[in-house]
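In: I would like to see how this sequence folds:
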Amino acid sequence: MDPETLHPDEPDLEGSRVAQKPPAFLFLGVILWSDDTEEDPTVIADRNPVTLARTMAMMIHDMIDDSPAYVGATEFLQSNPPPQDWVLPEDVDDWLEALREATPYPSYSFHQIPMTGGADGTNRTVVNRYLESALQEREQSLSADAPAAPIRQRPGPAHGL
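Out: Below you'll find the predicted structure:
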């Protein structure tokens, strides 16, 4: 069993206590539901990029399945595998990429943020700087002179970030 998955007070298989180490990276997923700059994005974090991609895909699937706001959602959902058919991480990536090709919104992006380093082991300055930079880049891409379509990135958590 991986020591990082244990709780600090949880014994490992041999009965000894294992201290939990902070992850080296945190993976963030950002979902933009529309081009309305007043609408806040959904931000999800996880230590595992594959789990993050699945969580995001499930959240997007549930939202477009329940909402008439997404034009073409019914056709998209009928022509692509449902969540119960997503067996491999690549299945999730393929579904997300098909969504990206089918409609500009909801759109999503993945980010890898360093979490360790610095005197206290958190590297907060680097993380804060990275988040500020990512926010500025996103605001610029949503500005009036940005192209109508969102900037597209390959989803790739299963293929590596």
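
In: Give the buried residues for the helix or strand containing H61.
Out: If you go by DSSP states H and E, H61 is part of helix 49-66. Neighbour counts over helix 49-66 (16 or more other CB atoms under 10 Å) mark 49-50, 52-57, 59-61, 63-64 as buried. Any C-beta I mention is one placed from the backbone N, CA and C, and that applies to glycine too.

In: nearest to S109, of the residues you listed?
Out: M56 (9.8 Å; CB to CB).

In: The closest one against I31, yeah?
Out: Yes - using CB atoms under 8 Å, M56 is in contact with I31, at 6.3 Å.

In: buried sites along stretch 88-104?
Out: Judged by neighbour count using 16+ other CB under 10 Å, the buried positions of stretch 88-104 are 89, 91-96, 99-100.

In: same thing with stretch 28-37?
Out: Applying 16+ other CB under 10 Å to stretch 28-37 flags 28-33 as buried.

In: The helix holding H61 packs against which elements?
Out: With contacts taken as 3 or more CB pairs under 8 Å, 6 or more residues apart in numbering; DSSP states H and E, helix 49-66 sits against strand 25-32, strand 42-46, helix 73-79, helix 89-102, strand 107-114.

In: Dump those to a markdown table, plus distance to N128 and mean pLDDT.
Out: Below are the helices and strands packed on helix 49-66 laid out as a markdown table (distance: least, CB to CB, whole Å; pLDDT from 0 to 100):
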| stretch | distance to N128 | mean pLDDT |
| --- | --- | --- |
| strand 25-32 | 13 | 92 |
| strand 42-46 | 15 | 94 |
| helix 73-79 | 36 | 91 |
| helix 89-102 | 28 | 96 |
| strand 107-114 | 10 | 91 |
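
In: Many thanks, we can stop here.
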